[in-house]
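S.K.: Give me a model of this one.
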Amino acid sequence: MALMPKRVKHRKSQRGRIRGSASRGNTVVFGDFGLQSMEGGWISAATIEAGRIAAQQYIRGEGKLYIRIFPHKSITSIPLETRMGKGKGEPDYWAAVVRPGSMLYELSGVSEAAAKVCFARLAHKMPVRVRMVKRN
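M.R.: Take a look at the predicted model:
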């Protein structure tokens, strides 16, 4: 099931723009290896879930996966073939706002080679460029 907030103050959010690098959530904290974004963007809840499933299928319960992002932003869209006007569309999906340097996923309890293969599978699903980093 896709992630979404239990409740929000406002149903519809403005687009905003992603400026600067992540100052928080940019280091490996929970696991031994992390998947770090190299560019900014939005990652939908469905994409986060797809990455989780891909990682879980690969590690098969021998390691632990940590998801470090959460989709707080509602993305709206107007139905296709709709005329101009009539206001902003209804919320379509939820997305996590990712800045360059944000840690997306972390892995613990697996070897470096296994983590590399696992994160390679995740990288294919991500809409932003990512890299694998080790804990300091």
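S.K.: Quick one: the strands in this structure, in order.
M.R.: Using DSSP state E, the strands of the chain run over residues 33-37, 41-44, 64-67, 73-77, 90-98, 103-108, 130-134.
S.K.: Let me have these in a markdown table, adding distance to Cys118 and mean pLDDT as columns.
M.R.: In this view, the C-beta of every residue, glycine as well, is placed from N, C-alpha and C. Formatted as a markdown table, those follow (distance: least, Cβ to Cβ, whole Å; pLDDT from 0 to 100):
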| stretch | distance to Cys118 | mean pLDDT |
| --- | --- | --- |
| strand 33-37 | 9 | 97 |
| strand 41-44 | 18 | 97 |
| strand 64-67 | 8 | 96 |
| strand 73-77 | 27 | 97 |
| strand 90-98 | 19 | 97 |
| strand 103-108 | 6 | 97 |
| strand 130-134 | 9 | 97 |
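S.K.: so which of these comes closest to Ala115?
M.R.: strand 33-37 (4.1 Å; Cβ to Cβ).
S.K.: where do the helices sit along this protein?
M.R.: In the chain, helices defined by DSSP state H lie at 45-59, 112-125, listed in chain order.
S.K.: Could you save those helices as JSON lines and add columns showing distance to Lys9, mean neighbour count and mean pLDDT?
M.R.: Shown next, in JSON lines, are the helices of the chain (distance: least, Cβ to Cβ, whole Å; neighbours: other Cβ atoms under 10 Å; pLDDT from 0 to 100):
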{"stretch": "helix 45-59", "distance to Lys9": "19", "mean neighbour count": "17", "mean pLDDT": "96"}
{"stretch": "helix 112-125", "distance to Lys9": "30", "mean neighbour count": "16", "mean pLDDT": "96"}
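S.K.: Which stretch among these approaches Gly87 most closely?
M.R.: Closest to Gly87 of these is helix 45-59 (Cβ to Cβ; 24.1 Å).
S.K.: starting at the chain centroid, how far to the closest one?
M.R.: Centre-to-centre, helix 45-59 and its host chain are 10 Å apart (Cα atoms, centre = their mean, to the nearest Å).
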